[in-house]
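Trainee: this one's structure only:
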């Protein structure tokens, strides 16, 4: 019997958006806990390759795969590559997301003025990306009668944030989708859960927050634990939900947010 219930020995994981930030840390966590293989996905291949190299240098096994999660054909090709490399995907982490770091100029307008082009920059990654990756991985999980799906959402989706209406709606949609997926796939021993995050020091967020120290100070006053999140804070929860320790947990959303928003 494996005495480490968090061990991922015997499991292969696909992590989307893993070329930096939270996704990178999840990949390193999974490697440290013995995953048999890690598919490191990113829209930018060079970033994915750099993280895959880190995993291998740490003694893990990894392959870098470029794919655009907003494109179903691209996602299917990525899953086929993972199957060719490792024969299966046991754990899917829907980490790829966008809060508008490089939005359409119209995205700065009120959403009712911005229009579909700006909306799609949020909906494509944060909602359709989750649907595409989940749908591509489900058939293999059903065949093997096991699987873990973990989706990263945002407290904007749980509570709503002014100025982030489309992003919040996309993240809330992803959470609702995961709850329905959990009900549909539970009989196949597949779990589906979400991790909801708030201000976490990914490269983009760190750059934006640290550029305005006064804004950063005021923001931290809203947190019970008065520091921003770190990628490892999120990776710890994702590891738990990917492991056998969470085998009787599904359809849930776990906030990892320093107490920014509380949950019953």
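Mentor: Yep, it's here. Given the structure is predicted, the values throughout are model-derived calculations rather than measurements.
Trainee: Enumerate every residue touching residue 253.
Mentor: For residue 253, the contact set (C-beta atoms under 8 Å, 6 or more residues apart in numbering) comprises 153, 158, 175, 178, 193, 194, 195, 196, 263. Placement of C-beta: from N, CA and C, glycine included.
Trainee: Mark which of those are buried, thanks.
Mentor: 153, 158, 175, 178, 193, 194, 195, 196 (16 or more other C-beta atoms under 10 Å).
Trainee: Just confirm the fifth one is within a strand.
Mentor: Yep, that's residue 193 we're talking about. Yes. Under DSSP: H, G, I helix; E, B strand; the rest coil, residue 193 sits within a strand.
Trainee: change the start of the numbering to 16 and stick with it
Mentor: Let's use 16 as the start, then, which means that last one is residue 208.
Trainee: just checking, it touches residue 264?
Mentor: Yes. Residue 208 lies in contact with residue 264 (C-beta atoms under 8 Å); the separation is 6.4 Å.
Trainee: shared neighbours of the two, anything?
Mentor: Taking C-beta under 8 Å, 6+ apart as the contact criterion, the residues that touch both residue 208 and residue 264 are residue 256.
Trainee: Any regions of the stretch 166-279 of the chain where pLDDT drops low?
Mentor: Across the stretch 166-279 of the chain, nothing is flagged by pLDDT under 70.
Trainee: Tell me where it has strands.
Mentor: Counting by DSSP state E, counting those that start in this stretch, residue ranges of the strands within the stretch 166-279 of the chain are 205-212, 268-271.
Trainee: With respect to residue 160, which of those strands lies nearest?
Mentor: The stretch from those with the least distance to residue 160 (C-beta to C-beta) is strand 205-212; that distance is 8.2 Å.
Trainee: In terms of secondary structure, what does that closest one contact?
Mentor: Under the contact criterion of 3 or more C-beta pairs under 8 Å, 6 or more residues apart in numbering; DSSP states H and E, the helices and strands touching strand 205-212 comprise helix 144-159, strand 162-169, helix 170-174, helix 180-200, helix 246-257, strand 268-271.
Trainee: Can you add distance to residue 35 and give the strands of the stretch 166-279 of the chain back as a markdown table?
Mentor: Conversion of these to a markdown table gives the following (distance: least, C-beta to C-beta, whole Å):
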| stretch | distance to residue 35 |
| --- | --- |
| strand 205-212 | 15 |
| strand 268-271 | 18 |
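Trainee: for the ones you listed, which one sits closest to residue 156?
Mentor: Taking C-beta to C-beta, strand 205-212 is the member of the strands of the stretch 166-279 of the chain nearest to residue 156, at 5.1 Å.
Trainee: Next up, the contacts around the nearest residue to residue 247 once chain neighbours are set aside.
Mentor: Nearest residue to residue 247, sequence neighbours excluded (C-beta to C-beta, 6 or more residues apart in numbering): residue 40, at 5.4 Å. With contact taken as C-beta under 8 Å, 6+ apart, residue 40 is in contact with 246, 247, 249, 250.
Trainee: ok, now residue 204?
Mentor: Residue 204 makes contact with 160, 161, 162 under the criterion C-beta under 8 Å, 6+ apart.
Trainee: Was I right to think the second one contacts residue 200?
Mentor: No. Checked against C-beta under 8 Å, the pair residue 161 and residue 200 is beyond contact range at 10.5 Å.
Trainee: So which of these two has more stuff around it?
Mentor: Neighbour tally, residue 161 and residue 200, criterion other C-beta atoms under 10 Å: the higher count belongs to residue 200, 19 against 16.
Trainee: returning to what we had before: show me which pair in the contacts of residue 40 is furthest apart.
Mentor: With C-beta to C-beta as the measure, no two of these lie farther apart than 247 and 249, at 7.4 Å.
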